[in-house]
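J.: The sequence and its predicted three-dimensional model are supplied below.
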Amino acid sequence: TPTGSVDDKWIQQMKDEKDYSTYLSDPLIVNGRVYIAVGNQLKVLNATTGEEFSSADLVAPVDSISRMVYADGLIIVPVRGGRLQALTADALTTVWITDELPIIDERGQQQSLGTLTVADGRVYYGTAAVGWSGASYNGYFTCVDLATGEVIWSNANAAAGYYWSGAASVGDKVVVGDDTGTLTVFDAASGEALSVLDLGASVRSTAIAGTQEGTLIVATSDGVLHKVSIDADTDAARELSSVKFGSSTTSTPTIVNGKIYIGGSSLQGEPNEWGYVVYGGQLSVIDEATMTVEHAVTSYDGGTKLPGDSKSAPLVSVQSTGTYVYFTCNAEPGGVYCYRVGDAEASMVYTPDEDHQNYSMSSVVCDADGTLYYVNDSGALFAIHGNGNAGPDNGGAGDDGNGSAGGENNNNNGSGPTGNNGNGSTGGNANGGGNGLGFQGQGGAGGLGAPAAGSPSGSSKDADDEGEDADKDIRVSAAASKAAKALMQ
């Protein structure tokens with residue numbers, strides 16, 4: 001991956017910037033091809049040239065956040081109504097489609113806004129019914145057979161949805177947080193709820209497996225990172241420790257070599273000209289063993305404040321010259337930042353041209369050559385690379401990730417190239433924001449990672465309290481859209 005300034009390799013305009021009812025997924029890199037969902041189509045581009053290879057129709061459009069995943073030769077696309085569609089990666093032939101999830105109450109249909117987690121031949125995912133208040137009303141957590149698309153089990157949650165959240169696979173259990181802050185441990189095969197833990201604030205990112213067996217790392221929206229253990233005998237979830245690192249977060253963490261990398265909003269705010277306290281962006285580096293913040297990065301290029309919170313799952317690349325972390329901020333100009341661990345601040349390595357500057361919740365993903373890919377709310381997909389920079393010596397964990405160039409194992413947050421739910425690095429079928437070679441989470445950078453997270457576009461993909469009314473087209477002026485985004489920082 002590049003360690004200095006980068007240039008455009010290519011830019012593809014995937015939709016009109018003013019088309020606020022069509023959304024883009026986070027990109028997914030598989031075998032030298034870039035997969036991206038645009039509205040109700042899945043498109044495949046040549047990673048070298050950006051030329052479109054082929055496309056296929058989806059049964060429904062993607063929602064404002066869409067974190068696809070690659071596994072066993074299939075591209076799994078979450079679409080409106082809480083449905084999944086599986087297409088072959090080579091020919092884009094649809095293999096299976098799940099039914100729309102039932103409406104729980106009159107407040108709306110389910111939206112597929114979270115991270116897909118693949119483990120042991122199953123796909124786990126959460127959905128949410130969401131309104132303009134920013135809260136989720138209800139949701140489902142569902143398990144689907146990867147090969148056939150058969151719904152193995154589906155649990156309705158009448159109290160809250162799974163908004164930008166994703167699950168961690170831990171042995172024969174799967175663990176996920178919801179919008180009430182309840183972390184639930186499910187039996188992976190039956191869907192039985194084995195235990196719950198109240199984390200105190202909503203979970204809007206992907207839970208990931210910790211380095212220590214039986215532990216999880218989970219972020220809550222109040223800017224707190226939690227280390228949780230799952231008892232092997234009783235299945236009880238227990239909080240081991242936590243740390244307040246920011247004022248808020250929806251970023252999915254990435255773990256590499258015992259360090260946790262996570263984005264969010266700065267811990268300290270400053271009053272603006274109208275007297276309101278506003279917060280900038282922040283990238284935090286936290287020691288996993290002690291849960292202490294080692295670096296809190298809030299500025300770039302000579303003291304300029306990061307312009308908005310980082311919702312992306314960090315992409316981590318370990319090289320001979322240091323460990324480099326790539327991320328986006330949800331504010332203009334919508335470029336890519338890089339932090340070399342140990343430095344005093346980050347640098348902006350890529351600034352889009354004026355026509356392509358906009359907000360970004362996307363995680364950054366990379367391919368085997370170190371080319372970086374991401375989207376922003378201009379409706380463009382960017383492929384960017386350095387001049388003469390070699391690829392990474394060793395990848396970190398893949399994201400809020402969402403797929404990878406070949407890995408299909410989930411929840412491996414180490415440095416191997418096949419880890420899933422890795423959240424941001426050069427390896428991973430990451431589910432959850434970011435993505436390793438594949439892509440946000442996910443928890444994704446992977447962690448489309450994400451998310452997400454991973455990361456959370458189209459102009460209503462930009463704020464934590466954003467919600468999509470599935471029954472209405474969202475049409476606002478560009479000026480109103482940018483004003484709303486500014487208020488939501």
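T.: Thanks, I have the structure now. Residues are numbered from 1 along each chain as shown.

J.: make it CA atoms for all contacts and neighbour counts henceforth
T.: Will do.

J.: the longest strand in the chain is where?
T.: For the chain, the strand reaching the highest residue count under DSSP state E is reported as strand 136-145.

J.: From residue 130, how far out is residue 370?
T.: Shown here: residue 370 relative to residue 130, a distance of 37 Å by Cα to Cα, to the nearest Å.

J.: How about residues contacting the longest strand of the chain?
T.: 104, 107, 110, 121-131, 150-163, 179, 191 (Cα atoms under 8 Å, 6 or more residues apart in numbering).

J.: where in the stretch 301-450 of the chain is pLDDT low?
T.: 387-450 (pLDDT under 70).

J.: now the strands for it?
T.: 304-305, 315-319, 322-327, 336-340, 347-350, 365-366, 372-375, 380-386, 394-395 (DSSP state E, counting those that start in this stretch).

J.: in its sheet, what does the longest one sit against?
T.: Yep, that's strand 380-386 we're talking about. strand 6-13 (antiparallel), strand 372-375 (antiparallel) (DSSP bridges).

J.: How many residues are close by residue 270?
T.: Counted by other Cα atoms under 10 Å, the residues lying close to residue 270 total 12.

J.: That one contacts residue 279, correct?
T.: Yes: the pair formed by residue 270 and residue 279 meets the contact definition of Cα atoms under 8 Å, at 6.6 Å.

J.: Might you report the residue contacts of the closest residue to residue 108 other than its chain neighbours?
T.: Of all residues not flanking residue 108 in the chain, residue 129 sits nearest, at 5.6 Å (Cα to Cα, 6 or more residues apart in numbering). Counting by Cα under 8 Å, 6+ apart, residue 129 touches 107, 108, 109, 110, 111, 136, 137, 138, 139, 161.

J.: Let's see the pLDDT reported for the fourth one.
T.: The model reports residue 110 with a pLDDT of 96.

J.: ok, it to residue 315 distance?
T.: 30 Å.

J.: The last one too?
T.: Residue 161 is 27 Å from residue 315, where distance means Cα to Cα.

J.: which one of the two has more residues nearby?
T.: residue 315 (43 against 30).

J.: Give the bridge partners for that one, please.
T.: Here residue 315, judged by DSSP bridges, has bridge partners residue 326.

J.: wait, it sits on residue 370?
T.: No: assessed by Cα under 8 Å, residue 315 is found out of contact with residue 370, at 11.4 Å.

J.: Stretch 290-306: end-to-end distance?
T.: 27 Å.

J.: which residue ranges form the helices in this structure?
T.: For the chain, the helices defined by DSSP state H occupy 478-487.

J.: What residues of stretch 230-249 count as buried?
T.: The neighbour-count criterion (16 or more other Cα atoms under 10 Å) identifies 230, 235, 237-239, 242-249 as the buried residues of stretch 230-249.

J.: mind putting those residues in TSV, pLDDT and distance to residue 294 included?
T.: Converted to TSV, these look like this (pLDDT from 0 to 100; distance: Cα to Cα, whole Å):
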residue	pLDDT	distance to residue 294
230	96	26
235	96	32
237	97	27
238	97	25
239	98	21
242	98	14
243	98	12
244	98	12
245	98	10
246	97	13
247	97	17
248	97	18
249	98	18
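
J.: tell me which of the residues you listed is nearest to residue 170?
T.: residue 230 (8.6 Å; Cα to Cα).

J.: Who does that closest one form a beta bridge with?
T.: With DSSP bridges applied, residue 230 shows beta-bridge pairing to residue 237.

J.: So it sits against residue 213, correct?
T.: No: counting by Cα under 8 Å, residue 230 stays clear of residue 213, with 9.2 Å between them.

J.: Give the intersection of the neighbour lists for the two.
T.: Shared contacts of residue 230 and residue 213, defined by Cα under 8 Å, 6+ apart, are absent.

J.: and of the strands paired with strand 380-386, who's closest to residue 283?
T.: With Cα to Cα, the closest approach to residue 283 among these belongs to strand 372-375: 17.9 Å.

J.: who touches the closest one?
T.: Residues contacting strand 372-375 (Cα under 8 Å, 6+ apart): 1, 26-27, 360, 362-366, 381-385.

J.: what do you get if the cut-off is 7 Å, keeping everything else the same?
T.: With contacts defined as Cα atoms under 7 Å, 6 or more residues apart in numbering, strand 372-375 is touched by 26-27, 360, 362-366, 381-385.

J.: picking up where we left off before, the strands of the stretch 301-450 of the chain into a markdown table, with extra columns for distance to residue 42?
T.: Converted to a markdown table, those look like this (distance: least, Cα to Cα, whole Å):
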| stretch | distance to residue 42 |
| --- | --- |
| strand 304-305 | 37 |
| strand 315-319 | 24 |
| strand 322-327 | 25 |
| strand 336-340 | 25 |
| strand 347-350 | 27 |
| strand 365-366 | 18 |
| strand 372-375 | 15 |
| strand 380-386 | 14 |
| strand 394-395 | 28 |
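
J.: of these, which approaches residue 204 most closely?
T.: Nearest of these (Cα to Cα): strand 322-327, 17.6 Å.

J.: which helices and strands does the closest one pack with?
T.: strand 315-319, strand 336-340 (3 or more Cα pairs under 7 Å, 6 or more residues apart in numbering; DSSP states H and E).

J.: residues of that strand that come out buried?
T.: In strand 322-327, counting by 16+ other Cα under 10 Å, buried: 323, 324, 325, 326, 327.

J.: Same check on stretch 48-68?
T.: 50, 55-68.

J.: what do you get for stretch 245-265?
T.: Those would be 245-256, 258-265, for stretch 245-265 by 16+ other Cα under 10 Å.

J.: how about the closest residue to residue 359 other than its chain neighbours, what does it touch?
T.: Using Cα to Cα, 6+ apart and skipping residues adjacent in sequence, the residue nearest residue 359 is residue 331, 4.4 Å away. Applying Cα under 7 Å, 6+ apart, one finds that residue 331 lies in contact with 307, 308, 358, 359, 360.

J.: would CSV of those with neighbour count and distance to residue 12 be doable?
T.: Shown next, in CSV, are the contacts of residue 331 (neighbours: other Cα atoms under 10 Å; distance: Cα to Cα, whole Å):
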residue, neighbour count, distance to residue 12
307, 21, 25
308, 26, 25
358, 22, 15
359, 28, 17
360, 33, 16
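
J.: So which of these is the closest to residue 197?
T.: residue 308 (30.8 Å).

J.: Give me the distance between the closest one and residue 324.
T.: Per Cα to Cα, residue 308 is found 20 Å from residue 324.

J.: Next: residue 232.
T.: Taking Cα to Cα, one finds residue 232 at 35 Å from residue 324.
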